[in-house]
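> Any chance you can model this:
(one chain, ligands or ions: 1)
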Amino acid sequence: MAGPMQKNPSEFNPGATLMRRLEALSLFSEGGDGVTRCFATKEHHQAAEMIQAWMRDAGMSAHVDAVGNVVGRYEGTAADAPALVIGSHQDTVRQGGKYDGAMGVVVPISCVEHFNNTDQRFPFAIEIIAFCDEEGVRFNSTLLGSRAIAGTFDMAALETTDNDNIAMADALRAFGTEPNDIPSLARSKKDVLAFFELHIEQGPVLEEEGLALGVVTAIAGGTRLSATVTGFAGHAGTVPMDRRRDALTAAAQAILTVETYCSSKPGLVGTVGRISAAPGAVNVIPGKAIFTIDIRAGDDALRRQAVKDVCGEIETLCQQREVDLTIDVIHESDGCQCAPWLMEQLESALIRTQHPAKRLMSGAGHDGMAMAHITDVGMLFVRCKGGISHHPAESITEADADASARAVLHFIQNFEPLNET
Ligand SMILES: [Zn+2]
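Model prediction:
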């Protein structure tokens, strides 16, 4: 139990402890570069044991629920008080980093440890959840843990299988939980005051502006499209340039259209991440090209307009080039606006801890998207080196870990639930 935080509980400088804990969690990994910790695996189990031990040391009750979330609770002044729910995910992508997800688990635990050591209790309970599966690496289905809490878990997902043909239900039983109990995890709105998540930025904005922390305004929604351009294949030597119906050059122009359009509007990002050409020979004019388009924005209306405009422009250029075009929507998710009242309280926490109240959008998805079904959502970003994430080179500083913990501490201490009258 002896630790730097116990020696002088009135001071709160958990940076070194946080870095040590993040390092300790990162060791629960499948091996290879970086951290690979997937849902319902041995590594997940080991991480869950360690997180529960930290929660209990912090004066919380802790358990692993039916879907594999680690849930800790620090009671309020009254029994069964509604909770401020704080959390992030324990899982990683393959060969990911030490901080994506884990930051948002270890930091609030250190805050509660401080409250416990200094005899602070609040009119609300504090729940910390280490969500089981946000990245969706093993079963290709994201936000499993937060969906279970929000009551939107699709029980049909239990039948999906991983690469080794193991069904999710069997994986959970081997992990030690009963998947049939997942529906009982759904929280009622009256028991949850808000959801808050601390996460690394996964982008370069804070670093470029020399800031440690920023308040998230929205989690971007996204549309993913698959486009197929069909021209006419032909001999690379004999078909003159003005007679060609080259599918790949049309696709190339389409890719630039995505880039040009999305560069022209603030708040919008667009990416073509995959392309293939057929028949795919050095001496054949491509007759077919298939590529993806990923368009995201915090503002759903902006994104929908962008999808419409970009598809329209690609349609026009394909007509001019006399090639055929089909575009299918393969995925669509609406954005999640962070609650203005939580953004204001988070800004106050930044100002009180000597940080400018910077606001920024999240281009990546987070558990808040699922939690928004039952409660208002707030998020705080921490600067990460080079904006790098989902990579072994993911990095933060001890000073920033310390600063983020102090801001979260202030946010919780001064948290005022929205008065719904
Ligand atoms: Zn994450």
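> Is Ala171 in a helix, a strand, or coil?
Using DSSP: H, G, I helix; E, B strand; the rest coil, the structure places Ala171 in helix.
> Assess the claim that it and Lys42 are in contact.
No - taking C-beta atoms under 8 Å as the definition, Ala171 is not a contact partner of Lys42, at 11.3 Å. (Glycine included, C-beta is placed from N, CA and C.)
> What are the phi and psi values at the residue in the stretch 251-400 of the chain that the ion sits nearest to?
Here the residue of the stretch 251-400 of the chain nearest the ion is His366; by C-beta to the ion that distance is 6.2 Å. Dihedral pair for His366: phi -150, psi 170, per degrees, to the nearest 10.
> ditto for the one 5 residues further on
When read as degrees, to the nearest 10, the backbone of Met371 gives phi -60, psi -20.
> give the contact list for it.
By C-beta atoms under 8 Å, 6 or more residues apart in numbering, the contact list for Met371 reads Val85, Ser146, Ile149, Ala150, Phe195, Val377.
> What sits closest to it if chain neighbours are left out?
If the residues on either side of it in the chain are set aside, Met371 comes closest to Phe195, at 4.0 Å by C-beta to C-beta, 6 or more residues apart in numbering.
> just checking, what packs against the helix or strand containing that neighbour?
Using DSSP states H and E, Phe195 sits within strand 192-200. Secondary-structure packing of strand 192-200 (3 or more C-beta pairs under 8 Å, 6 or more residues apart in numbering; DSSP states H and E): strand 83-89, helix 103-117, helix 340-352, helix 368-371, strand 377-382, helix 398-413.
> For the nearest residue to Ile314 once chain neighbours are set aside, give its distance to Ala16.
Residue nearest to Ile314 in three dimensions, not counting chain neighbours: Ala254, with 4.5 Å by C-beta to C-beta, 6+ apart. Distance of Ala254 to Ala16, given as C-beta to C-beta, to the nearest Å: 51 Å.
> Who has more neighbours out of these two?
Ala254 (27 against 14; other C-beta atoms under 10 Å).
> How about the residues of this structure by the ion?
Asp100, Gly101 (C-beta under 5 Å from the ion).
> Outline the domain layout of the chain.
4-219+335-413, 221-333 (automatic domain parsing).
> Report the mean confidence score over the shortest one.
I take that to be domain 221-333. The pLDDT scores in domain 221-333 average 96.
> What of stretch 149-160?
Here the average pLDDT along stretch 149-160 is 96.
> which residues does the residue of the stretch 201-350 of the chain found nearest the ion contact?
The nearest approach of the stretch 201-350 of the chain to the ion comes at Gln202, 7.3 Å away (C-beta to the ion). Going by C-beta under 8 Å, 6+ apart, Gln202 touches Asp100, Ser362, Gly363, Ala364, Cys384, Gly387, Ser389, His390.
> Ile330 too?
Here Ile330 is in contact with Arg224, Leu225, Ser226, Thr292 (criterion: C-beta under 8 Å, 6+ apart).
> run the last query once more with 10 Å
Thr223, Arg224, Leu225, Ser226, Thr292, Ile293, Asp294 (C-beta atoms under 10 Å, 6 or more residues apart in numbering).
> So it, which state does it fall into?
strand.
> before we move on, which element is the residue lying closest to Gln90 once chain neighbours are set aside in?
Nearest-residue entry for Gln90: Ala130, 4.3 Å, with adjacent residues in sequence omitted and distances by C-beta to C-beta, 6+ apart. Using DSSP H and E, Ala130 sits in strand 125-131.
> ok, back up a step: and the residue nearest to Ile314, its phi and psi?
phi -60, psi -40.
> confidence score at the residue nearest in space to the middle of the chain?
Taking C-alpha atoms, centre = their mean, the centroid of the chain lies closest to His366, which sits 2.9 Å from it. Looking at His366, its pLDDT stands at 95.
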